[in-house]
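Novice: Sharing a model that was predicted from the sequence below.
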Amino acid sequence: MKNTLFIFKATVFLILLSQIAFAQNEKYTVNGYIRDATNGETLIGANVFVTSIEAGAVSNEYGFYSISLPAGKHDIVYSYLGYASQTTTVTLNQNTTKDIELGFESNELAEIVVSSKAKNSNVSDLEMSVNSLDIKTIQKLPTLLGEVEVLRSIQLLPGVSTVGEGAAGFNVRGGSIDQNLVLLDEAPVYNSSHLFGFFSVFNPDAVKDVKLYKGGIPSRYGGRLSSILDVRMKEGNSKRLALNGGVGAIFSRLSVEAPLIKDKASFIIAGRRSYIDVLAKPFLDEDLNDSVLNFFDLTVKTNYNINEKNRIFLSGYTGRDNFGFGDQAGFNWGNRTLTFRWNHLFSEKLFSNITLFASEYDYDINFGDDSQNMFDWNASIVNYSIKPEMSFYLNPDNLLRFGGQGIIYKFEPGNAVGVSEGEVQDLSQDPKYAIESALYIENEMKIGKAIEINAGLRLTHFNFTGEGEAFTFGESPSGTRRPVTSSESFSQWESIQRYSNLEPRLSFKYQMNESSSIKASYMRTAQYIHLISNTAASTPVDIWTPSTNNLRPQIADQVAIGYFKNFNDNAFEFSAELYYKDFDNLVEYIDGADILLNEFIEGDLLEGDGRAYGLELMLKKNAGRFSGWLSYTLARTERLVPGINNSEWYPSRFDQTHNLSLTGFYEVSKRFSVSSNFALISGTPVTFATSRFEQQGFIVPHNLENSRNNVRIPTFHRLDLSATLKGKDKPGKRWKGEWVFSVYNVYSRRNAFSIFFRQDLDATEPGTPVNTEAIRLSVIGNFIPAISFNFSF
Amino acid sequence: MKQFKYIAIIGGIFLLGCEDVVDVELGEFPPQLVIDAWVNDMPELQVITLSESATYFDPNQTPRVDDATVTIIRDDNQEFNFQFTENGQYVYDPTESGVLGEVGNTFELQIQYAGQEFCASTELFRVPEIESIELEFRDEIFFPEGIYAQFIARDFVGLGDTYWIRTFKNGVFRNNPRELNIAFDAAFDGGSGIDGLVFIPPIRDLVNPVDENFTPIPWLPDEIIKIEIHSISQNAFQFMEIARDQMQNGDNGIFALPLANTRSNISNCSSGELALGFFNVASVSSVSRVIDI
């Protein structure tokens, strides 16, 4: 209860702070939504600037803004990247609602981004360690097989790395892949990959905006240590029927969006399906003819503007990867999410959103076609959540946000039935249950012209509950399996173990002048659910598990400072950030851990510390026919785990000393544009055996130093190119088509994913030589050209 | 972590990737004593082999150790002296003082070498009888046309029995790492709760030799298949499990496991420092059959 008292005091303090600016003349509020004039989509992060007070506001995730001004006449400038700015004059003698629709720049081509963005938001925004990518930028990037990819595009940003090409997920500032909260319309997506990691589950036709928080995460977000990837779906065109689609090498896509009631309600349905199987079918043997091999996803969203004060949204996602080999074996996995949101305006100044969501990830594997001998195995994670959030626009200098979240989890770590010679054995493990709850408050405040602060607190609580059995484990030499010593049964919702954490968050900005600022941030994050994954790249069968009486929550503290500078009239944005991050209770594994279908898995887990630090540089050119960015990261990420690497610090599997990427776009003409991407990345570390020894005729590899990640694979570099040719634009023609030609890995470099050791695997006579060799595994071994066609109507 | 293999196989269909042999420099490391002490309760020559570890890429047989003293002591103080013969081999002939023991006996291994003493202890565990070897003509996706064998045996009721299933083709032990066949109760590993079943199909099937794609190779008429089940301790199971996973790790592609060292049950008696290798005394059941269908 100490925590509750503390959060109460902090709340009072924050409210008092925000009152300082109150004792002034009479004020009125201007509020409203900012939308795209062509399709009615709300615009996230659009700028509202009031010239008379030289201050402004930014539209929130729902396109809503609110600003309090003294009575009188004001010029308000509304602007957003890629759109023509709009200036409106309001005379305030009462609270006023002002909804704005922004249109595209008249010259859509060359000056795409010239004038419209709040010119120096890189410098003037309080946020640091945050990268936004709008879908238009993502669509222009050259990609593998021409498929527009949300997750691959964020890997071009500083501070983001992966274990290697084709691996699922991504690593942010030294965090493992489960330390990213990947949100699709506020619902977490537990496995963001199709086809093991080559493609992500996000259909670009349905995505509106992608924002990655790597640090300085506001207290309204929580649940993971390292990052929040906030993917927002389009609401659907509220002006007219629109179609988007494409035919590519992997997917064909189609999306339909239309108003249900013009300017009041709309929907979007977007689907994709791979068709390798359709193309491959005629070439398969009879044996494989009934093989299944496909993946698809379907994204649906609808919204209804009930009135000025109420708006509701319903969005859902389902996707699945299916593999089957006749009736001999099958394997499929997928996510499902459902989100309901209600935006309600209590007053001009108090915006609220309540989100209800459900999210599920599951997989199923089966072997055997006769009822005498078969095996069927599935596992899942399901959660239900409620998340009320309030934004109180106190005055132009204070935005107070508060809210909470409750999540109920059900983990099914494995339901398996094995039949051997007709005897059925149920191998199912008990489900695990947990309740996670959070309360937060934060105040975004401006102090004078130069200083801006967001101070927040998040109080989180985790309750690991029955029904189920909780085990106690005994001691063992460090790094080895701990034996079960006792177990205790718990009834439904009976608490087995509770954890609480207070997570302070602080962001600070000092703006030195129009074009430069210094920012700093601190955050503590706690994570109560963990992905149990022991392989180089995560597999779809990896299971999520809650913190338990044997597995404590992971905790991280991060500090970052940054320098932000724009020049050439904001045509160039530059940022430099330094961060240091400290991790506690990271999950690691004993040698030879059994992580699947193992009731006693906690005995195979180790707890470790981690640290990550680095320098991130980004130079971005927004304006002109040539645009793009250069991103460079110098970083180190290390782990310290008793029982691994002689209990000394070692680099994590995704540690990359240097990571440079150069992305460029060039508009050759109105119809023709080209883009390129070049990446140059230090080799990640792997572990090599030092020695071999013989045992019962086998040659066993051994590392005499007991070291982990002791060698680095060669440097990674790759160049990708793409060219887009648009159809002729005629006035009044709604049908638009474009061809995209791309080449991935232009100069056919065989970049190493890893180097592993292999031995002759033939049975040999004792005493005869057994050859061993080192093998470089390259996931992409060649240049990959692709053509795709996209259309819109 | 057998399961990853299947996933990697499915994933392999898509991996546009490729594998190239590359040169890798490994440093020099001093050799360490390796003790290969997998003996059993059968009335046949019992062999313990001593050798040294070598650089990973040296294809030759590792150096042998010829000047050690090797003794096993049973819990009733019966001593078995293993006499050096040749090539690092120390042999005990059960016609001298009988077989090593029976289920329930415990044993200590003592080795004196180069002024150091190494110790280990283990217990002899129960082993189930093999009911039969069944032969079947199959033509399936995972079994190309031909004759395949399976063995039928039932695990004991009670959790924690661990076994090593050894296959001999025409009298030669199959030491292909992909065929290393161990079982925890009747299934792959512990913690699943499987118990008292007939060994599950993947374990039954792994008595068939496999090629480099993990595809079983059919048996030919008149070949002789012999299958032995050895009871091994749970620590021996973990040792073999890690050895198997590491030897086969190249098959896992991007889902490779981290390099892990096997953990010996043999240590320097005074310093406690672990040696390489393992000491296990097995009970054995065995059946052989001529391929006669």
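Specialist: Structure received.
Novice: Go ahead and flag the most central residue of chain A.
Specialist: Within chain A, the residue whose C-alpha comes closest to the C-alpha centroid is residue A:229; the distance, by Cα atoms, centre = their mean, is 3.0 Å.
Novice: OK, contacts around that one?
Specialist: Taking Cβ atoms under 8 Å, 6 or more residues apart in numbering or on different chains as the criterion, residue A:229 is in contact with A:154, A:180, A:181, A:182, A:183, A:210, A:211, A:212, A:213. Bear in mind the C-beta positions are built from the backbone N, C-alpha and C, glycine included.
Novice: What about the fifth one, how many residues nearby?
Specialist: I take that to be residue A:183. 21 (other Cβ atoms under 10 Å in any protein chain shown).
Novice: nearest spatial neighbour of it, skipping sequence neighbours?
Specialist: With Cβ to Cβ, 6 or more residues apart in numbering or on different chains as the measure, residue A:230 is the residue that lies nearest to residue A:183, at 5.1 Å, once sequence neighbours are left out.
Novice: looking at the sheet around that neighbour, what are its partners?
Specialist: For residue A:230, the beta-bridge partners under DSSP bridges are residue A:183, residue A:211.
Novice: picking that back up, which residue sits closest to the residue nearest to the centre of chain A, ignoring its sequence neighbours?
Specialist: Residue A:229's closest residue in space is residue A:182 (Cβ to Cβ, 6+ apart), at 4.8 Å.
Novice: Low-confidence stretches in chain B?
Specialist: Low-confidence regions of chain B, defined by pLDDT under 70, span residues B:1-17.
Novice: Can you name the element that comes right after the lengthiest helix in it?
Specialist: Using DSSP state H to assign secondary structure, the helix with the most residues in chain B is helix B:234-247. Reading on from helix B:234-247 to the C-terminus, the next helix or strand found by DSSP states H and E is strand B:267-268.
Novice: What lies in contact with the helix or strand following that following strand?
Specialist: Next in sequence after strand B:267-268, counting helices and strands by DSSP H and E, comes strand B:276-282. In this structure, residues lying in contact with strand B:276-282 by Cβ under 8 Å, 6+ apart are A:693, A:695, A:702, B:32-41, B:53, B:72, B:100-101, B:105, B:107, B:109, B:120-125, B:127, B:164, B:230-233, B:235-236, B:239, B:262, B:264-266.
Novice: Filter those down to just the ones in helices.
Specialist: Secondary-structure check on the contacts of strand B:276-282 using DSSP H: residues within helices are B:235, B:236, B:239.
Novice: now, which of the residues you listed sits nearest residue B:150?
Specialist: Minimum separation from residue B:150 among the ones in helices among the contacts of strand B:276-282 (Cβ to Cβ) is found for residue B:236, which lies at 24.4 Å.
Novice: re the thing from before, in PyMOL, how would I select just the buried ones from the contacts of strand B:276-282?
Specialist: The PyMOL selection below is limited to those of those classed as buried (16 or more other Cβ atoms under 10 Å in any protein chain shown):
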select buried, (chain A and resi 693+695+702) or (chain B and resi 32+33+34+35+36+37+38+39+40+41+53+72+100+101+105+107+109+120+121+122+124+125+127+164+230+231+232+233+235+236+239+262+264+265+266)
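Novice: quick one: residue A:642 and residue A:479 touch, right?
Specialist: Yes: under the criterion of Cβ atoms under 8 Å, residue A:642 is in contact with residue A:479, at a separation of 6.9 Å.
Novice: out of those two, which sits in the more crowded spot?
Specialist: Under the criterion of other Cβ under 10 Å, the comparison of residue A:642 against residue A:479 puts residue A:479 first, with 21 against 13.
Novice: Residue A:633 and residue A:684: what is the separation?
Specialist: Shown here: residue A:633 relative to residue A:684, a distance of 13 Å by Cβ to Cβ, to the nearest Å.
Novice: any shared contact partners between these two?
Specialist: Common contacts of residue A:633 and residue A:684, defined by Cβ under 8 Å, 6+ apart, comprise residue A:656.
Novice: pLDDT of stretch A:215-232, averaged?
Specialist: Confidence for stretch A:215-232, expressed as mean pLDDT, is 96.
Novice: Kindly export that stretch (C-alpha atoms) in CSV.
Specialist: As requested, C-alpha coordinates have been extracted for stretch A:215-232 and formatted as CSV (Å, rounded to 0.1, in the frame of the first residue of the first chain):
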residue,chain,number,x,y,z
GLY,A,215,13.2,5.0,-24.8
GLY,A,216,11.5,7.8,-22.8
ILE,A,217,8.4,5.7,-23.0
PRO,A,218,5.5,7.7,-21.4
SER,A,219,3.9,6.1,-18.4
ARG,A,220,0.7,5.4,-20.4
TYR,A,221,2.6,2.5,-22.0
GLY,A,222,4.0,-0.5,-20.2
GLY,A,223,4.3,-4.2,-19.9
ARG,A,224,7.5,-4.7,-21.8
LEU,A,225,11.1,-3.6,-21.1
SER,A,226,12.5,-2.3,-24.3
SER,A,227,10.1,-0.8,-26.8
ILE,A,228,6.6,-0.2,-27.8
LEU,A,229,5.7,-0.6,-31.5
ASP,A,230,2.4,1.1,-31.9
VAL,A,231,0.8,0.1,-35.2
ARG,A,232,-2.4,2.0,-36.0
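Novice: which parts of it are buried?
Specialist: Of the residues in stretch A:215-232, A:215-232 count as buried by neighbour count, 16+ other Cβ under 10 Å.
Novice: tell me which parts of the stretch 51-200 of chain B are close to chain A?
Specialist: Those residues of the stretch 51-200 of chain B that sit near chain A, judged by Cβ under 8 Å from any Cβ of the partner chain, are B:51-62, B:87, B:140-142, B:152, B:169, B:172-180, B:186-187, B:189-195, B:197-200.
Novice: So which of the residues you listed are in helices?
Specialist: Here DSSP H is the test, and these give no hits in helices at all.
Novice: helix, strand or coil for residue A:122?
Specialist: Per DSSP: H, G, I helix; E, B strand; the rest coil, the local secondary structure of residue A:122 is helix.
Novice: To what extent is the closest residue to it other than its chain neighbours buried, counted in neighbours?
Specialist: With sequence-adjacent residues excluded and distances taken as Cβ to Cβ, 6+ apart, residue A:122 is closest to residue A:573, at 4.1 Å. The local packing count at residue A:573 equals 21, with neighbours defined by other Cβ under 10 Å.
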